[in-house]
Structures are given as structure tokens and as C-alpha cells.
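Colleague: Need a 3D model of the sequence below.
(chains A and B)
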Amino acid sequence: MVERTRLFDILTQIVLIIGLVILFTPIYIVFVAASHDFKTVNMIPMPMLPSGHLWENLTKSWQQAGFSHVMITSLIVASGVAIGKVVLSAMSAFSIVYFRYRLRLIFFWLIFITLMLPLEVRIVPTYAVAANALSPVQGVIDFIASYIPQVSIQLPEWNLLNSYEGLILPLIATATGTFLYRQFFLTIPEELAEAAKMDGAGALRFFFDILMPLSKTNMAALATIMFVWAWNQYLWPILIVTDQAHYATAAMQLGKVVPGPSFGEPPVWNTAMAATLITMMPPLVVVILMQRWFVRGLVATEK
Amino acid sequence: MSEISIRGVMKSYGRNTVIHGVDLTIAAGAFAVILGPSGCGKSTLLRMIAGLEKISKGDIAIDGKVVNKLEPRERGCAMVFQNYALYPHMTVADNIGYALKVAGVSKDERAKRVNEVAKSLALTDYLGRKPSELSGGQRQRVAMGRAMIRQPKVFLYDEPLSNLDAKLRVQMRAEIRKLHNQLGATSVFVTHDQVEAMTLADQIIVMNAGRVEQVGTPSEVYRKPATRFVASFIGAPPMNLLEAKVTGRTEVAIGSRHLMTPHHGLANGQSLIVGVRPEDVSSISGETLNVSFVEELGAQRFVHGTFEGQDFVVQQPPSDSSDKPATVVFSIRPETIHLFDAASGLRIEPVSVTAPAPAFA
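Modeller: Numbers count the residues shown, from 1 in each chain, chains lettered A, B, ... in the order given. Predicted coordinates for the structure are as follows:
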């Protein structure tokens, strides 16, 4: 606490309450809209108190949007991204922090640059790669083959469109988690690595026996953030999934539930908002379950 | 028991050389202390023995076997770190037993040996605790237990006592020495604290700026400092060092005062450094010290001042008066004088015409 006066206490409380109201108002409106029937929700102005049609709207939108299927797709994708991200970040940060090899700085900067190039910026080339994941390799081979014709090889096509891999892998390949882990690994005293070396533990042993248990809270924090982030992805799934019957995600489905031909004109806000509520639930549950770990992982490292 | 021999060892980081060729033999079973100010390369030398730093040039051999290329675990060394470096997520028992776990020792055998070690360090009651639930002294003992369990040939200590409070430090010092006597392994202990060095060591290695200044027993290092640096580093307060000029075969001049010295055999006019320990200064009148302040230590007092414009300290017996005298008289007996070359800083031994004084023996 920096200061402790009555006036200051009241002021901070007020600021907090204002922030809370600003954050909660949209969610409240979603909730209210989801609890009215088609007629009242389209009245102007919309009523500000909830009504009794919530359950009805929820079941209707659940069936119409096919949530029993898309929820599972989203769950697979979000969990895949969260787990993949944790594994990849931990390993790449381990490499950058604990090994001194010649290309270390180059790799460090390559990873760093991906921070400046989020998926939205490189979406066209990423799509091209997703269409044939081996195309960069093929490109390199073709380049070499233009000088040495003997190495000319035609690789098979590896198409990631309309697949879980296609939904998951491009979302994993960013640097945010790597940096979170790097910062954490840098706070671990160097002597710990040396002590492990003196105890005879090799690099992998050190990674699994010492670093992984110590970074449990980080892992939880990163996995939570990544789960929510992947769950809310909209642009990438909509680009890569053309087989909507099998690979549509919950967020994609929302786009269809908001006013649209599938539910008839005019906009059916009540079912759309009910669908929003349903889509919000899984990330909310994950955050609540992980909250204890999550906060510890972001605030401080236990020593 | 293993002898450690260090032959022409150098360490450089890029162009920056931090250790300039160290030649040293540490006898099997000895307790060697590497003493020096911070940044003198003492820790680097220790880490090269441990295998945590690459050796840029030269050889290190343990038990006659060159270990330059060996991994730390293959060298038979165990190390106690300055900040203990305990694994924070493991219990005391797991911390101590980790080396055995890595080595693939069975669970029962491991538990047995952990118990033995814990018993010898009085840690049995704490085996289930995490390091964060222990006091500094207990953590220190866990760190030692972790080193002991491997039954190493060589124990390496990297300033292990510097994080403890003064009382605990004295206690742990005694425990480390006791442990060394029991285990019979070779110990190498790095410190910047001369009291630790004097009390623990069979052999003191004084280092400065990446070079070994002197190797000897604690009493040799104290009584016959090989260089001006050693003279100024060992002793509290350190030896008085005065610039002087040769005026005769057994005489030098400090400013306007002439002083009798042992027979040094140097040419007149040559400059040298005269060293006298504050505790060797005699209270018989002869010279005059202009007092600037007095340090009261109870058992004795140190009077700081200037003599012929140069800083000088005199030890005096305890006294009831707390007054600061303006001047103090003293004299320097020739046999208590150490002479050093002004340029190289090396010790100048008295020529044997004069019988060696008892203080040098």
C-alpha cells in the first residue's frame, strides 16, 4: 500500500466500482437480451430488466447452432493450443536461456520477431502454408535444385485445411509464451542449474526434475490465457474451415447465429445472445478453476 | 583422498584474461583455502576445478587424472554454493538424495543413506520440510548434506558462510572443519574473509588479480608475506607499509627519520617498502605518531595516525582512559620489519649476515 488515508481509500473504491460497471454492463445486456422473447427484445428501447425466457432461448440456440458438436471442436482446439503452447514455450525458452550455441541469438530474434507479426498480419502466407505445410520445404528444395538438378524431389502435399492440426498449429506458433517462460527462467538462480550439474543431472533431467515443477504456476497461467485466446479465435478458423459441418468452432458458429438467414430476418437477438452466453461459459469455467494458480503465476514466483 | 594439481591454468573470456597461469598443488586430504578480494578470480578457479567453467589453457588433475574434458559429475567433486542453491520445490530429504536419484540408486538404499547423512548433520527432524521453512544455518547444513551424500573425493566450497550472521558463521566454520577431519576428503574453500582462511586452512592460497600471490600455511602467510599485497591483505588492521629509501646496509630513511632494519644488502638511494604490523610496534619512545583517531576493541586499541606524512597504525594495550591523545610515541624494532621491493612488491629477505630474528622464524 502506497498511501493509507480515508479519502484515498474511498477514491480507489470508486475507481474500482466504475471499472467494474463498465466491464459488466455489456455482459448484463447480453444476459437481459437472452432472457426475453423475440418481440420484447426488439422493442426500442430494449427493456433493462431480465425476463423469464432464458432457458427457452438457451435450449433453442443450443439446438439451432449445433452446440453439442461445435463445443467439442472448440474444446479440442483450445486445449490443443493451450497444451501445445506450454510445451513449445517451455522448450524454446529452455533452449534460449540455458544453452550457449552459435545460432542462439538468431533463434532468439526469429522468435522475437513473431511477436511483431501476429497471425492477423501474416494470415495470407500462413494460409498458403496451411494449404500445403510442406511447401516451404519444397521451396527450399526447388531453389537448391535450380543449381544442382540432382536434388530435385517432389514432396507430397500436406494439407491442413479442414483439420484439427490446421486449427491448432498456426495458433501455437507465436512467441508470447516463450517470453513469459524466458523471463521466469531468468529469475531462477544460476546456481540451481550448477547444483543440478554437480549432482549429475543432464539437461533433460534438469528440465523435468527442476524447471518443470518450479514453473507449475507459470504453466497454469499460460495455459489459461492461451485457452481463452484460442477459444475466442474467429478469423483463422473461419478462413481455414470450409467443412463447417465437421470443424466449425463455437466462436465461428456465433457469427452465424447473430442476425442471419439461418434464423430468418429480422435479427433474433434473444437466441443470439443466449448463444453468446453459452460460448462464454467454458472459458469462464477454466479461468475460475485456474484462478488461484493463474494469479500466482503472473504475480510472483514462489521461492 | 585425492591430490589436486593445477598446472599453468589460465582463463579468459574473449580477450579479457581473468586468471593468468596458476600453478598449484593441493595435497590429498588437505584443507586448502583460496583467499582474495572480490574479483581476483578465486571463484573462477574453484569453478574450473568443479567443471562449471571451461579451462582456457593448462591442466587440472584430480588424483593424477587430467579432468579438463570431464563433466562435473565425472570428476568426483561436490560443491557447496554461496546461496546454498537448494531445490526449492523438494523436501530436505529429496534435496540431499537428488544426486543418488539421478545416479539411479534404489529408493530404499537412498532413504538409508539420506538418513545417515541427516543424522550426522542433525537434520533428521527436518527431512520432510521444504528449504523455505528452514533457517539459514539449517539450509547451509542441507547444502553440505547434499555434497556429502555422494561421498566425493573433493569438496568445493564457494564462500558458503557469507550469507550467515556472525555467530552462526563461527559455529558453521567449526562444523565444516570437523566434517573435513571426519571425512578425510580434500577440501577447497573459497573466501574473502581472512579469519575464515586463517582458522580453517592447512594451506592458504592468496590470490590477487588472477595471480597466486602466495601459498603457505596460515602462519607462514602471516609471518612471512611473500608480497606487498599479501602483507596488506592479511591481518586486521593490515600491516603498516611505509615508503622508504636505503641509506645504509642496515638502515633506511622514512621521510626525515632513519630506521634500523635487518641487513638488506641493497644499494644506497634505492626505494623500498618497509612493513611493520601494528601489533609488532613497540611502545618504547623513539618515533612520534600524530594521532587522528582511536579504535577501541576492548582487548586492545588501535591508534591510527600519520608518521612522516604516511598512514600508520599502532596497537596499544587496553586502557581505562577514553581520551584521544594528540601524539603517541613508539619505536620499531629491526627484527619486526618486513621489506618489500618498491617496484615489484616482492619480499626482500634479509641477508644472512644478520641472524634471522625470531619474528621471522
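
Colleague: C-alpha from now on. contacts and neighbour counts both.
Modeller: Fine.

Colleague: which element is residue B:190 on?
Modeller: Following DSSP states H and E, one finds residue B:190 within strand B:186-191.

Colleague: Can that strand be said to contact chain A?
Modeller: No. Counting by C-alpha under 8 Å from any C-alpha of the partner chain, chain A has no neighbours in strand B:186-191; the shortest distance is 15.3 Å.

Colleague: Touching that strand from outside, list them.
Modeller: By C-alpha atoms under 8 Å, 6 or more residues apart in numbering or on different chains, the list of residues contacting strand B:186-191 from outside reads B:1-3, B:27-36, B:42-43, B:46, B:153-159, B:180, B:197.

Colleague: Tell me the strands beside that strand, with direction?
Modeller: strand B:31-35 (parallel), strand B:154-158 (parallel) (DSSP bridges).

Colleague: deepest of the ones you listed, which one?
Modeller: Among the strands paired with strand B:186-191, strand B:31-35 has the highest mean neighbour count (mean count of other C-alpha atoms under 10 Å in any protein chain shown), at a mean of 27.

Colleague: between whichever helix or strand comes after that strand and strand B:31-35, how big is the angle?
Modeller: As assigned by DSSP H and E, the chain's next helix or strand after strand B:31-35 is helix B:42-50. Between helix B:42-50 and strand B:31-35, the angle comes out at 140 degrees (axes from the mean of the first three to the mean of the last three C-alpha atoms, to 10 degrees).

Colleague: For helix B:42-50, buried residues please.
Modeller: Within helix B:42-50, the residues scored as buried using 16 or more other C-alpha atoms under 10 Å in any protein chain shown are B:42, B:43, B:44, B:45, B:46, B:47, B:48, B:49, B:50.

Colleague: name the helices or strands packed onto that helix?
Modeller: strand B:77-80, strand B:154-158, strand B:186-191 (3 or more C-alpha pairs under 8 Å, 6 or more residues apart in numbering or on different chains; DSSP states H and E).

Colleague: Show me which of the buried residues of helix B:42-50 is closest to chain A.
Modeller: Proximity of the buried residues of helix B:42-50 to chain A, judged by C-alpha to the nearest C-alpha, is greatest for residue B:50, which lies at 7.8 Å.

Colleague: is it true that that closest one touches residue B:70?
Modeller: No. Applying C-alpha atoms under 8 Å, one finds residue B:50 not in contact with residue B:70, separated by 9.7 Å.

Colleague: Regarding residue A:222, what is its secondary structure?
Modeller: helix (DSSP: H, G, I helix; E, B strand; the rest coil).

Colleague: List the contacts of it.
Modeller: Going by C-alpha under 8 Å, 6+ apart, residue A:222 touches A:82, A:86, A:177, A:180, A:294.

Colleague: and the fourth one, that's in a helix?
Modeller: It stands for residue A:180. Yes. Using three-state DSSP, the assignment for residue A:180 is a helix.

Colleague: how about residue 78, what does it touch?
Modeller: Answering for chain A, as no chain was given. Contacts of residue A:78 (C-alpha under 8 Å, 6+ apart): A:168, A:226, A:227, A:228, A:229, A:230, A:231.

Colleague: Chain B, not that one
Modeller: So residue B:78 contacts A:198, A:199, B:50, B:147, B:148, B:150, B:152, B:154, B:155, B:156 (C-alpha under 8 Å, 6+ apart).

Colleague: I'd like the residues you listed laid out as TSV, including distance to residue B:174 and pLDDT.
Modeller: Converted to TSV, those look like this (distance: C-alpha to C-alpha, whole Å; pLDDT from 0 to 100):
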residue	distance to residue B:174	pLDDT
A:198	25	90
A:199	25	89
B:50	24	91
B:147	17	90
B:148	16	89
B:150	22	86
B:152	20	89
B:154	19	91
B:155	16	92
B:156	16	93
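
Colleague: where are the low-confidence patches of the stretch 101-250 of chain A?
Modeller: In the predicted model, the stretch 101-250 of chain A carries no residue with pLDDT under 70.

Colleague: mind listing the strands for it?
Modeller: Ranges of strands within the stretch 101-250 of chain A: none, based on DSSP state E, counting those that start in this stretch.

Colleague: Taking the stretch 101-250 of chain B, what residue is nearest to chain A?
Modeller: residue B:102 (6.0 Å).

Colleague: Against residue A:198, how distant is that residue?
Modeller: Taking C-alpha to C-alpha, to the nearest Å as the measure, residue B:102 falls 11 Å from residue A:198.

Colleague: In terms of neighbours, single out the busier of the two.
Modeller: Neighbour count, other C-alpha atoms under 10 Å in any protein chain shown: between residue B:102 and residue A:198, residue A:198 has more, with 25 against 16.

Colleague: list the contacts for the more buried one?
Modeller: By C-alpha under 8 Å, 6+ apart, the neighbours of residue A:198 are B:50, B:72, B:73, B:77, B:78, B:79.

Colleague: Kindly state the beta-bridge partners for the closest residue to the fourth one other than its chain neighbours.
Modeller: Think residue B:77. Closest residue in space to residue B:77, ignoring its immediate chain neighbours: residue B:154 at 4.7 Å, by C-alpha to C-alpha, 6 or more residues apart in numbering or on different chains. Counting by DSSP bridges, residue B:154 is bridged to residue B:77, residue B:186.

Colleague: wait, doesn't residue B:154 sit right on residue B:2?
Modeller: Yes. Residue B:154 is within contact range of residue B:2, at 7.0 Å (criterion: C-alpha under 8 Å).

Colleague: Mind putting the contacts of residue A:222 into CSV with neighbour count?
Modeller: Below are the contacts of residue A:222 laid out as CSV (neighbours: other C-alpha atoms under 10 Å in any protein chain shown):
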residue, neighbour count
A:82, 26
A:86, 23
A:177, 26
A:180, 18
A:294, 22
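
Colleague: need those residues in CSV with distance to residue B:94, can you?
Modeller: CSV is the format used below for those (distance: C-alpha to C-alpha, whole Å):
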residue, distance to residue B:94
A:82, 31
A:86, 26
A:177, 30
A:180, 28
A:294, 27
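
Colleague: got TSV for those, with distance to chain B too?
Modeller: Compiled in TSV, these are given as follows (distance: C-alpha to the nearest C-alpha, whole Å):
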residue	distance to chain B
A:82	24
A:86	20
A:177	23
A:180	20
A:294	18
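
Colleague: Out of these, list just those in helices.
Modeller: A:82, A:86, A:177, A:180, A:294 (DSSP state H).

Colleague: Spatially nearest residue to the last one, not counting backbone neighbours?
Modeller: Taking C-alpha to C-alpha, 6+ apart, and ignoring the residues beside it in sequence, residue A:294 has residue A:221 as its nearest neighbour in space, at 4.2 Å.

Colleague: Tell me if I'm right that the one you found and residue A:295 touch.
Modeller: Yes. Judged on C-alpha under 8 Å, residue A:221 makes contact with residue A:295 at a distance of 7.2 Å.

Colleague: By residue count, which strand of chain B is the longest?
Modeller: strand B:282-296 (DSSP state E).

Colleague: just to revisit the earlier point, may I see the helices and strands packed on helix B:42-50 arranged in JSON lines, with distance to residue A:242 as well?
Modeller: Shown next, in JSON lines, are the helices and strands packed on helix B:42-50 (distance: least, C-alpha to C-alpha, whole Å):
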{"stretch": "strand B:77-80", "distance to residue A:242": "61"}
{"stretch": "strand B:154-158", "distance to residue A:242": "63"}
{"stretch": "strand B:186-191", "distance to residue A:242": "68"}
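
Colleague: Residue A:268: which of the ones you listed is closest?
Modeller: strand B:77-80 (70.7 Å; C-alpha to C-alpha).

Colleague: I'd like the average pLDDT over the closest one.
Modeller: Per-residue pLDDT over strand B:77-80 has a mean of 91.
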